[in-house]
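> below are the sequence and a predicted model for it; my questions follow.
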Amino acid sequence: MRTLWIAVAGAFGAVARSELSGWIARSRVGVFPWGTFTVNVLGSFAVGFIFALTTERFMSSPTLRIAVTVGFLGAFTTFSTFSLETMRLAEGGAIGLAALNVVASVGAGLAAIYAGTWAGRTL
C-alpha cells in the first residue's frame, strides 16, 4: 500500500513540476533555466518543512511522510533536468551561466532546506 501512495503522490508531483516549470519558462526571457531552478528550490524548502514538521513537531504516519517527501516532492524536483540544462548551457558556450546554475541551484537549495526545516520546527 505504501508503494501505491508513493506512486500516486509522484504522479501529482510530476504534473505539478511540469506545469509550474513550464509556466515559469514561458514567462521568462533568456536561456537560464528558471523553471527548473524554481521547482528545485521550492521543493528543497518543502522537504525541509515537511520533514521537520512530521518528525519533530507532529508525529504523522510514516506512509504519509514518505508519500509526500519521496513521492510528490521527489517527482516535483529534478536533478536530472538540472544536469541536462547545465550541460546544454556549457555546450552552447554559456559557461558562466552553466557555472551560475550549479552554484545558485546548490546554494539556494541548501538555504531553502535549512529555511524549510527552521519553519517546520518553529511552527
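Nice, thanks for sending it over.
> which stretches of the protein form strands?
For the chain, strands defined by DSSP state E do not occur.
> list the buried residues in the lowest-mean-pLDDT helix or strand in it.
One helix or strand of the chain scores below all others by mean pLDDT, DSSP states H and E: helix 62-66, with a mean of 92. Buried positions in helix 62-66, judged by neighbour count with 16 or more other Cβ atoms under 10 Å: 65, 66. C-beta coordinates here come from the backbone N, C-alpha and C atoms, glycine included.
> for that helix, packing partners?
The helices and strands touching helix 62-66, judged by 3 or more Cβ pairs under 8 Å, 6 or more residues apart in numbering; DSSP states H and E, are helix 2-27.
> list the contacts for residue 116?
Contacts for residue 116 were tallied using Cβ atoms under 8 Å, 6 or more residues apart in numbering; they are 44, 45, 46, 47, 48, 49, 50, 51, 52.
> check contacts around the residue lying closest to residue 16 once chain neighbours are set aside.
Closest residue in space to residue 16, ignoring its immediate chain neighbours: residue 76 at 5.5 Å, by Cβ to Cβ, 6 or more residues apart in numbering. By Cβ under 8 Å, 6+ apart, residue 76 lies in contact with 13, 14, 16, 17, 39, 42, 43, 46.
> residues in contact with the residue of the chain most remote from its centre?
The centre of the chain is farthest from one residue, residue 93, which by Cα atoms, centre = their mean lies 26.4 Å away. With Cβ under 8 Å, 6+ apart as the criterion, no residue contacts residue 93.
> do you know how far it is from residue 102?
Residue 93 sits 16 Å away from residue 102, going by Cβ to Cβ, to the nearest Å.
> before we move on, what about residue 123?
Taking Cβ to Cβ as the measure, residue 123 falls 32 Å from residue 102.
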